[in-house]
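1. Prediction below, plus the sequence it came from.
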Amino acid sequence: MYSKVVKMKILNAIQLKEVDQLTIAAQHISSLELMERASFALTQAIERDLKDVSGYSFAVLCGSGNNGGDGLAVARMLQDKGAAVQVYLLKASRYSDDNLQNQKKVHPDFIKSFEAGQPPEISKDAIILDCLFGAGLSRPLDESYRALIESINNHPNYILSADLPSGLQADVINAADAIVVKATKIYTFHSPKLAMLLPQHQEWVDKYEVIDIGLDPQAIRQQHVDHYYVTEQWASAKLKARNRFAHKGSFGHALLIGGSYGKIGAVRLSATAAARSGCGLVTVYIPGCGYTPFQASVPEIMVLTDSNNNHIANYPAIKPYTAIGVGIGMGQEGPTGTAFVKLMRSLTSDTRLVLDADALNLLATRQDLMANLPPNTILTPHPKELKRLIGEWTDDMEKIEKVQNFTSLHQVIIIVKGANTMTVLPNGGLYFNSTGNAGMATGGSGDVLTGIITSLLAQGYAAEDAAILAVFLHGAAGDAARKEWGEESLIASDLITSLGKAFQHLRSSRIF
Ligand SMILES: NC(=O)C1=CN([C@@H]2O[C@H](COP(=O)(O)OP(=O)(O)OC[C@H]3O[C@@H](n4cnc5c(N)ncnc54)[C@H](OP(=O)(O)O)[C@@H]3O)[C@@H](O)[C@H]2O)[C@@H](O)CC1
Ligand SMILES: [K+]
């Protein structure tokens with residue numbers, strides 16, 4: 001398309017407006033032409049999704065601003081492609097200039113005006129295109145819009161939103177009772193808006209696609225942000241080339257420490273995921289009871305055992321390994337805790353470390369040990385483990401702020417798992433992941449992630465790249481696994497089997 005921005009910035013509404021203006025100046029186009037471009041790209045995406053729009057009828061609901069202007073332009077383009085289109089235009093005392101220009105380009109017979117308090121009757125057969133409000137929504141919708149938005153949400157056909165689901169404010173926490181369109185799919189311009197990525201807004205955001213509208217790269221570069229969206233382009237650019245002359249020693253040696261009676265499988269998942277993620281050698285350190293099943297089932301992995309049969313009570317020498325993952329299925333038995341403290345005290349500033357599960361729970365009870373963590377240690381808590389580390393939060397914004405404070409205070413990286421998993425760096429930079437699906441909310445999925453991260457770290461990836469790339473690959477493997485098995489039957493082992501596809505896909509989108 002127009003720009004090749006590999007590190008996608010999540011711009012706020014003010015920044016989008018500014019970039020919009022700078023793009024117009026830099027590319028010598030009018031704002032109407034930019035709207036035409038955005039609308040064309042949106043029409044193309046809709047046409048691609050529906051295969052052919054000519055058999056469909058659309059009800060395009062337009063507001064008074066530029067989101068409504070987009071709607072009017074898309075309505076015209078859909079009509080040109082043979083779709084049956086009716087525009088419903090919200091009555092307003094003022095319309096934006098480009099909105100007015102686009103009103104003139106649609107035949108008046110196809111435009112019906114309506115008041116917010118009197119929602120139009122929309123044919124059940126029509127697909128709704130929601131272009132009432134976009135990034136310009138400056139305050140929550142008031143009660144006078146409730147009937148309209150509810151009538152949209154009760155519509156039996158597809159509901160497609162342009163840029164944002166109308167009613168959702170782009171950059172803030174929206175109240176739980178906010179009046180917001182629940183779209184089947186959102187086509188969002190340039191980058192997802194922050195509000196679309198926050199777990200507490202999940203009721204309003206299901207499927208979305210980012211539509212490139214060719215905003216000026218130089219203008220985007222000027223914008224200061226803390227929030228990024230990890231695209232496939234970024235991930236593929238970060239994937240290291242593998243030297244043809246390499247041998248197994250070239251790709252590092254990962255050590256995974258964990259397991260307890262009944263939870264040896266967790267380490268097996270982690271270790272296999274590490275081996276399937278490019279690591280040259282993988283060793284596990286587990287309680288004695290795991291030795292035979294492990295050796296019998298995964299011949300590629302070396303096994304060291306603790307003198308204790310049921311849980312870990314000691315730690316091996318860590319020197320031979322290029323990265324270490326600790327905590328998977330480990331439990332918090334008394335001797336395990338004591339051994340964990342010893343391990344923490346044996347770390348040096350160049351130890352490359354991932355802490356997961358019970359290692360995080362033990363750390364939460366001994367926060368004095370934070371000082372022993374090497375810089376850029378990666379922590380992978382699930383929500384409960386995160387709360388033990390950083391305390392409670394009242395909303396997602398506060399959660400983000402607390403995680404940022406924690407990572408900068410302790411110079412660590414935290415991966416906050418969930419839909420759009422967030423990786424937060426020591427400098428406060430926050431990366432939202434773009435891959436993965438609900439099928440991955442299954443036991444062992446986190447163990448697989450820890451294995452991938454440890455493997456990438458062991459291979460010499462910079463810690464921040466290892467964290468962000470591992471999260472992307474984990475999600476991409478989940479997406480590949482979903483295609484094969486579906487969300488319901490997806491289990492963590494399927495993620496490992498699908499890792500090859502995720503790597504191959506990324507590798508194939510690299511130029512060299
Ligand atoms: N950025 C880009 O690069 C590009 C952006 N493009 C498009 O522009 C869109 C942004 O357009 P926009 O700024 O005109 O705002 P929009 O969302 O249409 O709404 C504004 C209207 O709503 C009103 N209003 C606000 N809050 C309200 C409330 N609670 N209740 C009631 N009314 C409320 C507000 O009135 P006021 O605040 O003055 O009362 C104003 O009249 C963006 O989402 C994208 O679709 C593309 O065309 C091309 C490239
Ligand atoms: K909208």
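-> Everything's here; your move. Ligands and ions are numbered 1, 2, ... in the order given.

2. rest of the way, CA atoms for contacts and neighbours
-> Fine.

3. Helices of the stretch 51-200 of the chain, residue ranges please.
-> Applying DSSP state H, counting those that start in this stretch to the stretch 51-200 of the chain gives helices spanning 66-80, 97-104, 146-153, 194-197.

4. Buried deepest among those helices, which one?
-> With neighbours taken as mean count of other Cα atoms under 10 Å, these reach their highest mean count in helix 66-80, at a mean of 26.

5. Domain parsing of this structure, as residue ranges.
-> 9-223, 243-421+444-462 (the TED database).

6. Endpoint to endpoint, the longest one covers what distance?
-> To tie it back to what came earlier, the one meant is domain 9-223. Using Cα to Cα, to the nearest Å, one end of domain 9-223 lies 8 Å from the other.

7. before we move on, back to that, if we compare the domains of the chain, which one ends up closest to ligand 1?
-> Closest to ligand 1 of those is domain 9-223 (Cα to the nearest ligand atom; 3.1 Å).

8. elements contacting the helix or strand that V284 is a member of?
-> If you go by DSSP states H and E, V284 is part of strand 281-286. Strand 281-286 sits against strand 253-258, helix 264-275, strand 302-305, with contacts defined as 3 or more Cα pairs under 8 Å, 6 or more residues apart in numbering; DSSP states H and E.

9. do that again at 7 Å, thanks
-> Counting contacts by 3 or more Cα pairs under 7 Å, 6 or more residues apart in numbering; DSSP states H and E, strand 281-286 packs against strand 253-258, strand 302-305.

10. quick revisit: turn the domains of the chain into CSV, columns for distance to F432 and mean pLDDT.
-> What follows is these, written out as CSV (distance: least, Cα to Cα, whole Å; pLDDT from 0 to 100):
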stretch, distance to F432, mean pLDDT
domain 9-223, 8, 97
domain 243-421+444-462, 5, 96
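
11. Which one of these lies nearest to ligand 2?
-> Checking the domains of the chain against ligand 2 by Cα to the ion gives domain 9-223 as the closest, at 4.0 Å.

12. all helices for the stretch 401-512 of the chain, in order.
-> Assigned by DSSP H, counting those that start in this stretch, the stretch 401-512 of the chain shows helices spanning 445-458, 463-489, 492-508.

13. Distance check, the nearest residue to R76 once chain neighbours are set aside against A41.
-> Leaving aside its sequence neighbours, R76 sits nearest to V106 (Cα to Cα, 6 or more residues apart in numbering; 6.1 Å). Per Cα to Cα, V106 is found 19 Å from A41.

14. Wait, I149 touches K182, no?
-> No: here I149 does not reach K182: they are 8.7 Å apart, not a contact under Cα atoms under 7 Å.

15. which residues does A73 contact?
-> Shown in contact with A73 (Cα atoms under 7 Å, 6 or more residues apart in numbering): E36, S39, N102.

16. what about 10 Å?
-> 32, 35-40, 42-43, 79, 98-99, 101-103, 105-106 (Cα atoms under 10 Å, 6 or more residues apart in numbering).

17. quick revisit: generate JSON lines for the helices of the stretch 401-512 of the chain, with mean neighbour count and distance to ligand 1 as supplementary columns.
-> Listed next are the helices of the stretch 401-512 of the chain as JSON lines, based on neighbours: other Cα atoms under 10 Å; distance: least, Cα to the nearest ligand atom, whole Å:
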{"stretch": "helix 445-458", "mean neighbour count": "30", "distance to ligand 1": "36"}
{"stretch": "helix 463-489", "mean neighbour count": "22", "distance to ligand 1": "27"}
{"stretch": "helix 492-508", "mean neighbour count": "20", "distance to ligand 1": "29"}
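
18. With V416 as the reference, name the closest of the ones you listed.
-> helix 463-489 (10.3 Å; Cα to Cα).

19. mind checking how far that closest one is from the chain centre?
-> Offset of helix 463-489 from its chain centre (Cα atoms, centre = their mean, to the nearest Å): 11 Å.

20. tell me the angle that helix makes with helix 492-508.
-> Comparing the axes of helix 463-489 and helix 492-508 via axes from the mean of the first three to the mean of the last three Cα atoms, to 10 degrees yields an angle of 130 degrees.

21. Just the mean pLDDT for helix 463-489, thanks.
-> Average pLDDT, helix 463-489: 97.

22. all strands in the stretch 301-450 of the chain, in order from the N-terminus.
-> 302-305, 323-328, 353-356, 378-380, 413-416, 422-424, 430-432 (DSSP state E, counting those that start in this stretch).

23. Tell me the residues of the stretch 1-150 of the chain that contact ligand 2?
-> D130, C131, F133, G134 (Cα under 5 Å from the ion).

24. give me that answer again for 8 Å
-> Contacts of the stretch 1-150 of the chain with ligand 2, taken as Cα under 8 Å from the ion, map to N67, G68, D130, C131, L132, F133, G134.

25. Looks like the first one contacts C131 (just checking).
-> Read it as N67. Yes: under the criterion of Cα atoms under 10 Å, N67 makes contact with C131 at 5.3 Å.
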